[in-house]
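Colleague: Here's a sequence, model it:
(2 chains)
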Amino acid sequence: GENVEQHPSTLSVQEGDSAVIKCTYSDSASNYFPWYKQELGKRPQLIIDIRSNVGEKKDQRIAVTLNKTAKHFSLHITETQPEDSAVYFCAASRGAGNMLTFGGGTRLMVKP
Amino acid sequence: GAGVSQSPRYKVAKRGQDVALRCDPISGHVSLFWYQQALGQGPEFLTYFQNEAQLDKSGLPSDRFFAERPEGSVSTLKIQRTQQEDSAVYLCASSLEAAASTDTQYFGPGTRLTVL
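Modeller: Below you'll find the predicted structure:
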């Protein structure tokens, strides 16, 4: 089955700096890669996703890149703000009707 | 509109008790997933429904776990004879349709189960 590794497990940055979180996956049939943000005690919320027919996607301060050959994808957050502090999870899936396999999570702390 | 809802939000059970966790997906969503999230870890897949059909239950950890979605809407996850290792947050997610580009999974707030 699919295995998703996520690094780093914790990341501390100064407000205004950039943050990068990296994930690798094992199943070459995976074609959908969402990123979720989870605040303490809250539900995971989708922040951005990418499908295997594109290499990069951007939404304001957030971008995701995908390298299918190397089986890795990354989340980039620019101009970080204290409200970006949360746990971020990457995930991989074979698409509609298939489970998400999650990475172990990255705790991002943005210091004001 | 209303998102995915789950009840109860918190459940404390004594070891050996049976529990039932409810998920109300977004109206009209075909696909429904259950995940288990242990403290400090990512969610792990338990089971998947397409309408009322349970198409994948490969993630259920034992035969004490049972899930149903009899009318293709509300789903219930039942755990019999709860054990301490069942303590976790149980998350439900739904997606609109089992087809490409409409497969975003929206999560409920979860039920935090504590087994004493």
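Colleague: residue boundaries of the strands in chain A?
Modeller: A:4-7, A:10-14, A:19-25, A:32-38, A:45-51, A:56-59, A:62-67, A:72-77, A:86-92, A:101-102, A:106-111 (DSSP state E).
Colleague: Looking at these, which is nearest to chain B?
Modeller: Closest approach to chain B among the strands of chain A is made by strand A:101-102 (3.2 Å; Cβ to the nearest Cβ). C-beta coordinates here come from the backbone N, C-alpha and C atoms, glycine included.
Colleague: Which secondary structure elements does that closest one sit against?
Modeller: strand A:86-92 (3 or more Cβ pairs under 8 Å, 6 or more residues apart in numbering or on different chains; DSSP states H and E).
Colleague: Quick one: end-to-end length of stretch B:73-85, please.
Modeller: Distance across stretch B:73-85, first residue to last, is 29 Å (Cα to Cα, to the nearest Å).
Colleague: Other residues contacting it?
Modeller: With Cβ atoms under 8 Å, 6 or more residues apart in numbering or on different chains as the test, stretch B:73-85 has contacts from B:13-25, B:27, B:32, B:34, B:46-47, B:49, B:64-69, B:86, B:90, B:92, B:113, B:115-116.
Colleague: returning to what we had before: need the strands of chain A in CSV (columns: mean pLDDT, distance to residue B:82 and mean neighbour count).
Modeller: Converted to CSV, these look like this (pLDDT from 0 to 100; distance: least, Cβ to Cβ, whole Å; neighbours: other Cβ atoms under 10 Å in any protein chain shown):
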stretch, mean pLDDT, distance to residue B:82, mean neighbour count
strand A:4-7, 97, 29, 18
strand A:10-14, 98, 32, 13
strand A:19-25, 98, 33, 20
strand A:32-38, 96, 25, 23
strand A:45-51, 95, 29, 17
strand A:56-59, 94, 41, 12
strand A:62-67, 96, 39, 18
strand A:72-77, 97, 36, 21
strand A:86-92, 98, 26, 25
strand A:101-102, 98, 24, 24
strand A:106-111, 97, 29, 17
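Colleague: Can you tell me which of the contacts of stretch B:73-85 end up in strands?
Modeller: Per DSSP E, the contacts of stretch B:73-85 map to strands at B:13, B:19-24, B:32, B:34, B:46-47, B:49, B:65-68, B:90, B:92, B:113, B:115.
Colleague: Of the residues you listed, keep whichever come out buried.
Modeller: Buried subset of the ones in strands among the contacts of stretch B:73-85 (neighbour count, 16 or more other Cβ atoms under 10 Å in any protein chain shown): B:13, B:19, B:21, B:23-24, B:32, B:34, B:46-47, B:49, B:65-67, B:90, B:92, B:113, B:115.
Colleague: Thanks again, I'm all set now.
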